[in-house]
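Engineer: need a structure here:
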Amino acid sequence: MKFKSFSLAQNLNEVYASFPEAKQKPLIGLTTNFSDGDATIRDRYYMQVVKAGGTPVLIPPVDDNDTLVNTLEHLDGLLLTGGADFNPLWCGEEPAPQLHHINAQRDRAELMLTRLAYNRQIPMLGICRGIQTLAMALGGKVRQDIALTNTDRMSSPVKHSQDADREEPTHSVELAEGSVLANLYGSGRIYVNSFHHQAVGDPGEKFRVTAKAPDGVIEAIESTEFKGIMGVQWHPEWLGEEGQPVFQWLVREAELFHQTKELHERILTLDTHCDTPMFFPQGVRFDQRDPRILYDLHKMTDGRQDAVIMVAYLPQPKLGQQFSQTVDIAGILKHNPDMQGINSQLSPMAYADLIFDKLERIVDEQSQYISVARTPADLYEDKRQGRKSIMFGIENGLALNHDVANVRHFAQRGVVYITLCHNGDNDICDSARGCNTHNGVSQFGEKVIQAMNDEGIMVDLSHAAEKSFYDALDISRTPIVCSHSNSRALCDVPRNLTDDQLRALARKGGVAHITLYHGFLRKDGEATVLDAIEHLEHAIDIMGIDHVGIGTDFDGDGTVRGCADASELINFTMQLLRRRYSERDIVKIWGGNWLRVMAQVQAVRNQ
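Structural biologist: Okay, the predicted model is just below:
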């Protein structure tokens, strides 16, 4: 640091000479070592972060859950530094004789920190021990000693604990084509330093190997989920300019994450379709991070997601089957003892009411953190008050029990939309996977749509046959919506919308929300978040930015790599920012268009 003056006033004047006082730089947390009662770290780590444009903050190895969580709330990026071996018991293994010194003060604290950071989508860079931390915390394996377990050795083994100076590269590594590292260095081979006797043995499903030493030892891993997570086995902090690319990468990822967090603070994010109530018969807990469901309070908080429309999904009975045979009444009774009065011949309407009763109880138990919203104004007020929002929807008009009067009943319960049918024709209309029972919307269905218009309930045509879609578009006095439907031009399945349907929907002022169900994104191979972006951008090309949005279908089989549950929805926004979408457009995509239609529909009821 260049020395200025011993005058405090003069030094302060340099800070206050302009506004703002400093350029915003992402906050990068660096884990520290623990030795002889001191938390320590080599200056090379934090000086490389500073040089790359980040603001370093040192994280002592404090093994306290509240401290870990509160620390992560402020970070834009995380650097996992080098150090001693991990206790192999964390991997379910007994210690090998070649195991070196372990550092118990660091182990749990760093493994917990890493997993919590992963759940929050915080970018991470692991160095030496840090790459092993990533693997151990996220489903991989570490070799206790590479001399014992390396079965991929070539004829010229590599010395991985060099005697040369730390600044001196001593062996090469091959970089995987198309990897982040290969793009950073513009080469398929680089030269690195080496100070380790352990290495990643199996990166697990969340990572792919992107660099190896000549003897086959894993030297780098990168996220398979399109996340800003990378680990290297060498020590770039000692390599000066040659080490800078990975630190610059971390800072860029942290800048994007910071930008996205701030954007989510300003805007309202609404997911228009999830089926989480379908799991209520299994006794799921919305106030816990429950692995059985893709939406809960923890995941919504991690993904910085404001609101979701949770539907009462009603399976369509097959010919000769009673509705009560399609739902798990025994599971409902087992996990909801307060509902012992449920009739074994449960009607569709009673089942939908049961779902909404349960949602209201969940909200009552966590009313400080979540609320039931019924209007766009309710959503914005919840956002202002720092609460999450749940809205009610119905998936399958079967819930009306063939009685138009029940439209008003569900309007009074706060239902904001009804998906007219599901997989199979019902008494309202034909389904995309039905038998053309009515040749579109039935006479009863026409009355239902008119009643929904009168009561301010949105008409949802996801799942509807193409003829039903056009019939409803003609019948409805208000714009219609498709809460979770993709493009048939990109994935030719009956459930998706043709380009002509998308154009017709836009002409009538409606919206179509892309969904994350793999079978509606692509017919062959694994669907990822990039496929979802492709469907969104196709819909924008056909309809315009004012008619699109997102309805994940989480817990209704909607989930893709890169956006697997509600905690990862912020990743969708990061993908949009990478493509340079404006804040105004992102507001529209994340529910602004939907809320415009909702306001129009509800205004008719108010009139």
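Engineer: can you pull out the strands in the stretch 451-600 of the chain?
Structural biologist: Taking DSSP state E, counting those that start in this stretch as the test, the strands found in the stretch 451-600 of the chain are 458-460, 481-482, 511-514, 548-550.
Engineer: next one: the stretch 251-400 of the chain
Structural biologist: With DSSP E, counting those that start in this stretch as the definition, the stretch 251-400 of the chain shows strands at residue ranges 270-274, 307-313, 370-372, 388-395.
Engineer: my guess is Leu181 meets Lys212, correct?
Structural biologist: No. Proximity of Leu181 to Lys212 does not meet the contact threshold set by CB atoms under 8 Å, at 11.4 Å. The C-beta positions use only the backbone N, C-alpha and C, and glycine is treated the same way.
Engineer: Tell me which of these two has more neighbours.
Structural biologist: Leu181 (22 against 19; other CB atoms under 10 Å).
Engineer: Next up, the contacts around the residue nearest to that one when sequence neighbours are not counted.
Structural biologist: Beyond its immediate neighbours in the sequence, the residue positioned closest to Leu181 (CB to CB, 6 or more residues apart in numbering) is Leu175, lying 4.8 Å away. Applying CB atoms under 8 Å, 6 or more residues apart in numbering to Leu175 gives the contacts 181-182, 185, 187-190, 210-211, 220.
Engineer: which one of these has the most neighbours?
Structural biologist: Ala220 (30 neighbours).
Engineer: So that residue is in contact with Gly130, correct?
Structural biologist: No. Using CB under 8 Å, Ala220 and Gly130 do not qualify as a contacting pair, with a distance of 11.6 Å.
Engineer: what residues does the lengthiest helix in the chain touch?
Structural biologist: Ranked by residue count and defined by DSSP state H, the top helix of the chain is helix 244-266. Residues lying outside helix 244-266 but in contact with it, judged by CB under 8 Å, 6+ apart, are 24-28, 48-49, 51-54, 76-77, 79, 121-125, 180-181, 184-185, 228, 230, 232, 236-237, 304, 306, 570, 573-574, 577-578, 583, 586.
Engineer: cool, and stretch 378-386?
Structural biologist: The contact list for stretch 378-386 (CB under 8 Å, 6+ apart) reads 268, 270, 306-307, 371, 373, 388-389, 391, 595.
Engineer: related to what we said a few turns ago, by neighbour count, sort out the buried ones in the contacts of helix 244-266.
Structural biologist: Among those, those buried by neighbour count (16 or more other CB atoms under 10 Å) are 25-28, 48-49, 52-54, 76-77, 79, 121-125, 180-181, 184, 228, 230, 232, 236-237, 304, 306, 570, 573-574, 577, 586.
Engineer: Quick check: strands, which of those residues are part of them?
Structural biologist: Secondary-structure check on those using DSSP state E: residues within strands are 27-28, 77, 79, 124-125, 230, 232.
Engineer: Out of the contacts of Leu175, the closest to Gly414 would be?
Structural biologist: Minimum separation from Gly414 among the contacts of Leu175 (CB to CB) is found for Thr210, which lies at 49.5 Å.
Engineer: Pull the contacting residues for the closest one.
Structural biologist: Under the criterion of CB under 8 Å, 6+ apart, the contact partners of Thr210 comprise 175-176, 179-182, 220-222, 230.
Engineer: Need the pLDDT of Ala39.
Structural biologist: Confidence at Ala39, expressed as pLDDT, is 92.
Engineer: That one contacts Thr81, correct?
Structural biologist: No. In terms of CB under 8 Å, Ala39 does not count as a neighbour of Thr81; the distance is 11.4 Å.
Engineer: For Cys563, which non-adjacent residue is spatially closest?
Structural biologist: Val529 (4.2 Å).
Engineer: which residues sit in contact with that neighbour?
Structural biologist: Residues counted as contacts of Val529 (CB under 8 Å, 6+ apart) are 226, 516, 560-563, 571-572, 575.
Engineer: So, low pLDDT: which residues of the stretch 301-450 of the chain?
Structural biologist: Low-confidence segments of the stretch 301-450 of the chain, defined by pLDDT under 70, span residues 339-341, 343-344.
Engineer: Run a quick neighbour tally on Asp43.
Structural biologist: The tally of other residues near Asp43 (other CB under 10 Å) stands at 8.
Engineer: Any chance of the backbone angles for it?
Structural biologist: When read as degrees, to the nearest 10, the backbone of Asp43 gives phi -60, psi -20.
Engineer: gap between it and Arg106?
Structural biologist: According to CB to CB, to the nearest Å, Asp43 and Arg106 sit 19 Å apart.
Engineer: what sits against the residue nearest to His273 when sequence neighbours are not counted?
Structural biologist: The spatially closest residue to His273, leaving aside those adjacent along the chain, is Gly551, at 3.6 Å (CB to CB, 6+ apart). Contact analysis of Gly551 by CB under 8 Å, 6+ apart lists 271-273, 309, 462, 483-485, 513-515.
Engineer: switch to 7 Å and redo it
Structural biologist: Under the criterion of CB atoms under 7 Å, 6 or more residues apart in numbering, the contact partners of Gly551 comprise 271-273, 483-484, 513, 515.
Engineer: Please apply the same query to Ile542.
Structural biologist: By CB under 7 Å, 6+ apart, the contact set of Ile542 is 499, 502-503.
Engineer: Just the ones of those in helices?
Structural biologist: When those are checked against helices using DSSP H, the ones located there are 499, 502-503.
Engineer: Contacts for the strand or helix carrying Ala117 next, please.
Structural biologist: When secondary structure is defined by DSSP states H and E, Ala117 falls within helix 104-119. Contacts of helix 104-119 from elsewhere in the structure, counted by CB under 7 Å, 6+ apart, are 31, 34, 61-63, 68-69, 72, 78, 80, 83, 86-87, 90, 124, 133-134, 136-138, 302, 567.
Engineer: Could you export that helix as CSV, CA atoms only?
Structural biologist: Output of helix 104-119 as CSV, limited to C-alpha atoms (Å, rounded to 0.1, in the frame of the first residue of the first chain):
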residue,chain,number,x,y,z
ALA,A,104,-11.1,-30.4,13.9
GLN,A,105,-11.8,-26.7,14.5
ARG,A,106,-12.2,-26.2,10.8
ASP,A,107,-13.9,-29.3,9.6
ARG,A,108,-17.6,-29.0,10.7
ALA,A,109,-17.6,-25.2,10.4
GLU,A,110,-16.4,-25.3,6.7
LEU,A,111,-18.5,-28.2,5.7
MET,A,112,-21.6,-26.5,7.1
LEU,A,113,-20.6,-23.2,5.6
THR,A,114,-20.1,-24.8,2.2
ARG,A,115,-23.4,-26.6,2.2
LEU,A,116,-25.4,-23.6,3.4
ALA,A,117,-23.6,-21.4,0.8
TYR,A,118,-24.6,-23.9,-1.9
ASN,A,119,-28.2,-23.8,-0.8
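Engineer: helices and strands of this structure: which one bottoms out on pLDDT?
Structural biologist: The helix or strand of the chain with the poorest confidence is helix 146-149; it has a mean of 72 (mean pLDDT, DSSP states H and E).
Engineer: quick one: the helices in the stretch 351-500 of the chain?
Structural biologist: If you assign secondary structure with DSSP state H, counting those that start in this stretch, the helices in the stretch 351-500 of the chain sit at 376-385, 406-413, 443-455, 466-475, 499-507.
Engineer: so what does the third one touch, helix or strand wise?
Structural biologist: Spelled out, it's helix 443-455. With contacts defined as 3 or more CB pairs under 7 Å, 6 or more residues apart in numbering; DSSP states H and E, the packing partners of helix 443-455 are helix 406-413, helix 466-475, helix 593-606.
Engineer: One more: the shortest one?
Structural biologist: Counting by 3+ CB pairs under 7 Å, 6+ apart, the packing neighbours recorded for helix 406-413 are helix 443-455.
Engineer: list the contacts for Asp585?
Structural biologist: Each residue near Asp585 by CB under 7 Å, 6+ apart is listed here: Ile545.
Engineer: where in the stretch 151-300 of the chain is pLDDT low?
Structural biologist: In the prediction, the stretch 151-300 of the chain carries residues with pLDDT under 70 at positions 151-156.
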